[in-house]
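Undergrad: only geometry, no sequence info:
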């Protein structure tokens with residue numbers, strides 16, 4: 001996702017054309033609602049297939065830097081890719097109660113929204129928002145305290 005940039009493409013048109021099942025469309029619209037509510041940001045397309053909320057600027061010790069969405073997802077053909085995870089002790093503990101998913105290097109893969117525990121999903125998102133706000137320049141408007 002490091003080279004992905006925000007575009008002006010229509011999020012809803014993307015969901016209508018890209019989602020291969022009605023369930024995937026329904027889950028995508030529910031994710032839009034949840035992530036918009038948590039971030040206070042409108043959904044934007046990042047590259048051709050990622051829906052992101054807000055943005056932050058990152059800079060690694062190596063000097064590599066760029067911009068990325070604070071939270072995001074992609075309704076890929078096989079599974080959803082969820083870009084909601086920041087590696088923190090609390091996030092790692094929350095994963096135990098998230099439900100049915102697979103973990104990638106920095107993203108979570110799920111088949112459908114019903115496979116995961118939504119309150120835990122929201123806590124993971126809030127933990128990530130807080131982590132990003134603390135460690136990066138970002139459009140985060142709020143910091144959550146649990």
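TA: Good, I have the coordinates. Here the structure is a predicted model, which is why all the values come from computation and not from measurement.

Undergrad: Quick check on the residue nearest the centre of the chain: phi, psi?
TA: The structure's the chain has its C-alpha centroid closest to residue 72; by Cα atoms, centre = their mean the separation is 2.5 Å. In terms of degrees, to the nearest 10, the main-chain angles of residue 72 are phi -170, psi 180.

Undergrad: ok, now which ones touch residue 94?
TA: The contact partners of residue 94, taken as Cβ atoms under 8 Å, 6 or more residues apart in numbering, are 120, 123, 124, 127. Any C-beta I mention is one placed from the backbone N, CA and C, and that applies to glycine too.

Undergrad: Quick one: buried ones out of those?
TA: Neighbour counting with 16 or more other Cβ atoms under 10 Å marks 123, 124, 127 as buried within these.

Undergrad: Quick one: mark the members of those that sit in helices.
TA: Under the assignment DSSP state H, the buried ones among the contacts of residue 94 contribute 123, 124, 127 to helices.

Undergrad: between those, which is nearest residue 30?
TA: Nearest to residue 30, judged by Cβ to Cβ, of those is residue 124 at 15.8 Å.

Undergrad: In what element of secondary structure is the residue nearest to that closest one when sequence neighbours are not counted found?
TA: For residue 124, ignoring the flanking residues on the chain, the nearest one in space by Cβ to Cβ, 6 or more residues apart in numbering is residue 94 at 5.2 Å. Applying DSSP states H and E as the criterion places residue 94 in helix 89-95.
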